[in-house]
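S.K.: any chance you could fold what I've pasted below:
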Amino acid sequence: MDSKASDKASLLTLPNFRRLYISGSTSEIGSFITETVIMLFIFKITDNNKESLGILRSCFLIFLTIGSLIGGPLGEFVNRKKILVWCEILRIPIILSLIWYREVAWVIFCNSLVALFT
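M.R.: Purely as a prediction, here's the structure:
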């Protein structure tokens, strides 16, 4: 058990791995915050309608699965850092569009696209 812990600690001494780990962790924290805010937002604009929240989460999981199936093999052929950066850049206008469009269908669509790039 101690050898596994020391192996993990030794990985963090590698500068490239440490940067990848920190950037990935930061991205995941941002994804969690984004998802929480979108769920609260859809709950508010639908007057606490739980069905809309269920549809939102279902679409999110479907697109997350599709994104994982595409992203896994893509990560084998393309630089992972470039993929991470481009996915974050593509998410920005999607999230910003929620400032102007507050229809339930648009929020669900944007949330699905965010899941695709997560």
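
S.K.: got the buried residues for the helix ranked longest in the chain?
M.R.: Counting by DSSP state H, the longest helix found in the chain is helix 15-45. When burial is assessed from 16 or more other CB atoms under 10 Å, helix 15-45 yields the following buried residues: 27, 31, 34-35, 38-39, 42. Using the backbone N, CA and C atoms, a C-beta is placed for each residue, glycine as well.

S.K.: just these now: which is nearest Leu74?
M.R.: Here the nearest of those to Leu74, counting by CB to CB, is Ser27; it sits at 16.2 Å.

S.K.: how close does the closest one get to Leu84?
M.R.: With distances taken as CB to CB, to the nearest Å, Ser27 is found 7 Å from Leu84.

S.K.: show me where pLDDT drops low in the chain?
M.R.: Residues of the chain meeting the criterion pLDDT under 70: 1-9.

S.K.: now the strands for it?
M.R.: For the chain, applying DSSP state E gives no strands.

S.K.: okay, helices next: where are they in it?
M.R.: Ranges of helices within the chain are 2-11, 15-45, 50-77, 80-96, 104-116, based on DSSP H.

S.K.: ok, back up a step: from the chain's centroid, how far away is the longest helix of the chain?
M.R.: 6 Å (CA atoms, centre = their mean, to the nearest Å).

S.K.: CA atoms only: put stretch 93-106 into PDB for me.
M.R.: What follows is stretch 93-106 as a C-alpha-only set of coordinates in PDB (Å, rounded to 0.1, in the frame of the first residue of the first chain):
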ATOM      1  CA  PRO A  93     -19.600  30.900 -26.000                       C
ATOM      2  CA  ILE A  94     -22.000  28.100 -25.200                       C
ATOM      3  CA  ILE A  95     -22.200  29.200 -21.600                       C
ATOM      4  CA  LEU A  96     -22.300  32.900 -22.500                       C
ATOM      5  CA  SER A  97     -25.300  32.300 -24.800                       C
ATOM      6  CA  LEU A  98     -27.300  31.600 -21.700                       C
ATOM      7  CA  ILE A  99     -27.200  35.300 -20.800                       C
ATOM      8  CA  TRP A 100     -29.400  36.200 -23.800                       C
ATOM      9  CA  TYR A 101     -31.500  33.000 -24.400                       C
ATOM     10  CA  ARG A 102     -33.500  31.700 -21.400                       C
ATOM     11  CA  GLU A 103     -35.800  29.300 -23.100                       C
ATOM     12  CA  VAL A 104     -35.800  25.800 -21.500                       C
ATOM     13  CA  ALA A 105     -35.000  24.000 -24.800                       C
ATOM     14  CA  TRP A 106     -32.000  26.300 -25.400                       C
END
